[in-house]
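Asks: pasting a predicted model and its sequence here:
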Amino acid sequence: HEEQRWFRSLAAFEGGFSPEAAAAVGTTGNGDGDVVSVLTRFVDMSLLERLESMPVRYRMLRSIREYAAMLLADAGEDTTTRNAHAHFYIQLASEGRSELYGPSQEEWLDRFHRDRENFRSAFSWMLEHGDHAAATQLASSLGRFWFDSNRHREARATLRRVLEVDHGEPTPEVLDAVSDLSLLAMWAGDLDEAQRFADRAEAIARRLDEAAVARVWNLRASIAWGRGRLGQAAEHMDRAVAGYRAADSRSLPIALGAHAFLLLVTGRAEEARIAADELAALVAGSDWPEGAVLQDDVAGWFHFYDGDLDAAAAHWTEAAAGYRRLGLHPNLTELLQLLAWVALHRRDCDEARRLAEESLGLADVAGSRGMRARGEALLGETLVQEGRLEEGRERLRVSLERSTAVGDRYGALWAVFFLAGAECRGTDLERSAVLLGAAQSLQDDVRMVLPPSVSARMKHAIEAARAGLGDDRFRAFVDKGISVAFADLPGIASG
């Protein structure tokens with residue numbers, strides 16, 4: 001009976017489905033039928049729930065789904081139906097992937113989110129049945145969604161399974177999977193693993209095309225950023241942007257946003273402005289939601305380096321709202337920490353704490369040890385400003401230990417900088433001078449030009465320590481800090 005076949009086929013879905021999906025999976029037998037009429041009858045019979053959502057979706061209760069699955073197996077239709085389910089979601093993800101760079105980005109991110117359980121089910125089916133090529137195709141399309149929505153642990157586990165077999169000739173889909181795994185490892189703080197997968201990605205990319213090679217340079221820039229080596233990251237991004245531009249890649253606007261930031265913070269301000277202008281020209285009139293958000297993000301950095309913290313905060317607040325609306329959680333995590341810094345500069349400890357704690361929550365969901373360490377530094381400085389000096393010092397020491405453990409020099413720089421100020425407040429001027437020397441060494445290693453608000457605080461700490469110690473003793477302790485190896489930094493903070 002036709003309706004019985006329809007009913008059985010719906011057991012393939014996890015968490016809900018659209019009429020379009022039901023039609024694609026349920027018509028693998030004897031014809032299309034009127035899917036909406038069938039689904040409506042099932043709702044009337046209490047076999048389905050019609051979810052209060054737009055567009056319309058349906059869901060089968062677990063107990064009913066288990067019964068339908070038993071009928072599906074008994075009818076000998078399990079394999080055919082679940083293959084149809086898996087391939088429908090491969091096509092859906094492939095279609096949506098390109099839409100993430102267009103005016104329908106928000107709609108497709110929401111659609112991917114609603115169907116995440118069906119994607120997970122499709123992966124399980126394909127991998128269990130040895131269809132690694134199809135699983136790789138699906139992973140290729142979902143990589144950006146996984147990363148932006150903070151589904152990092154699930155993504156890494158799935159990608160490892162996808163890549164555990166020899167895929168033979170290199171393909172763009174395999175490159176996507178390897179590159180995504182490298183990026184996810186970087187974000188988690190597993191930088192050596194990230195580097196290994198980046199090397200593997202390069203070997204594949206050089207057998208493909210210019211855009212593929214550009215992606216690897218982008219990946220290497222991300223890993224350098226994760227290590228806190230901003231100068232190196234900027235140089236890698238120079239090559240990535242050039243390659244994307246030559247290949248007319250859809251990845252160019254996002255790369256330009258990162259490039260503008262890296263150029264600015266490493267002292268290449270004129271080039272940064274050119275990159276920002278190119279980004280603005282690319283997204284002008286595109287109706288791509290992320291484009292306007294990227295522009296606000298980048299504009300905030302220019303104001304930050306001009307010393308206009310109010311204008312920087314206004315742009316970053318707008319950008320954070322956009323990233324939150326789109327569900328772009330890694331970008332949001334970084335902006336929340338920047339806004340926490342601005343709040344600290346304004347002595348608004350309550351706001352700084354709120355923003356830092358939200359960033360820590362996002363970092364924990366993603367399993368990002370580096371971003372957690374940076375957030376801990378902001379919370380430590382908040383405690384110091386509140387007069388809870390010993391609690392703040394301890395939080396800052398934890399931050400420094402975590403940053404050095406993952407190899408993040410940028411995060412370590414902030415922890416050391418805040419610790420130097422805390423020791424000045426606590427009148428341990430010798431340790432403050434050692435920490436100021438370590439901060440100077442880190443700044444040179446990171447190759448970062450400090451923005452005015454940070455330079456002013458650094459200058460104040462230097463003057464306080466020099467005045468208390470005298471020039472010769474101050475210089476001697478600073479030199480001691482400069483000579484400390486990166487891995488030994490936690491020792492000077494506590495010993």
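Replies: Received the coordinates, thanks.

Asks: excluding chain neighbours, what is closest to residue 85?
Replies: The spatially closest residue to residue 85, leaving aside those adjacent along the chain, is residue 12, at 3.9 Å (Cβ to Cβ, 6 or more residues apart in numbering). Every C-beta, even on glycine, is put in place using the N, C-alpha and C of the backbone.

Asks: could you check the pLDDT of that neighbour?
Replies: At residue 12, the model reports a pLDDT of 93.

Asks: got it, and residue 162?
Replies: pLDDT, residue 162: 89.

Asks: need the contact list for it.
Replies: Neighbour list for residue 162: 127, 132, 135-136, 139, 177 [criterion: Cβ atoms under 8 Å, 6 or more residues apart in numbering].

Asks: tabulate the residues you listed (a markdown table), appending pLDDT.
Replies: Output for the contacts of residue 162, formatted as a markdown table (pLDDT from 0 to 100):
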| residue | pLDDT |
| --- | --- |
| 127 | 90 |
| 132 | 88 |
| 135 | 92 |
| 136 | 92 |
| 139 | 91 |
| 177 | 93 |
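
Asks: buried subset of the residues you listed?
Replies: 127, 132, 135-136, 139, 177 (16 or more other Cβ atoms under 10 Å).

Asks: pick out whichever of those sits closest to residue 150.
Replies: residue 139 (17.0 Å; Cβ to Cβ).

Asks: just the element for the closest one, please.
Replies: helix 132-148 (DSSP states H and E).

Asks: show me what that helix is packed against.
Replies: helix 78-99, helix 105-114, helix 116-128, helix 152-162, helix 172-188, helix 329-345 (3 or more Cβ pairs under 8 Å, 6 or more residues apart in numbering; DSSP states H and E).

Asks: tell me how far the residue nearest the centre of the chain lies from residue 155.
Replies: Centroid-nearest residue in the chain: residue 330, 3.2 Å away (criterion: Cα atoms, centre = their mean). Separation of residue 330 from residue 155 (Cβ to Cβ, to the nearest Å): 12 Å.

Asks: any residues in contact with both of the two?
Replies: Residues touching both residue 330 and residue 155 (Cβ under 8 Å, 6+ apart): residue 147.

Asks: could you dump stretch 2-13 to PDB, C-alpha only?
Replies: Provided in PDB are the C-alpha atoms of stretch 2-13 (Å, rounded to 0.1, in the frame of the first residue of the first chain):
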ATOM      1  CA  GLU A   2       1.400   3.400  -1.000                       C
ATOM      2  CA  GLU A   3       0.700   5.200   2.300                       C
ATOM      3  CA  GLN A   4       2.400   2.300   4.200                       C
ATOM      4  CA  ARG A   5       5.500   2.700   2.000                       C
ATOM      5  CA  TRP A   6       5.500   6.400   2.700                       C
ATOM      6  CA  PHE A   7       5.200   5.800   6.400                       C
ATOM      7  CA  ARG A   8       8.100   3.300   6.400                       C
ATOM      8  CA  SER A   9      10.400   5.600   4.500                       C
ATOM      9  CA  LEU A  10      10.000   8.400   7.100                       C
ATOM     10  CA  ALA A  11      12.000   6.300   9.600                       C
ATOM     11  CA  ALA A  12      15.100   7.400   7.700                       C
ATOM     12  CA  PHE A  13      14.800  10.900   9.100                       C
END
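
Asks: might one say that residue 386 is in contact with residue 350?
Replies: No: applying Cβ atoms under 8 Å as the test, residue 386 and residue 350 come out as separate, 9.4 Å apart.

Asks: so those two - more neighbours on which side?
Replies: Set residue 386 next to residue 350 and count neighbours by other Cβ atoms under 10 Å: residue 386 wins out with 15 against 10.
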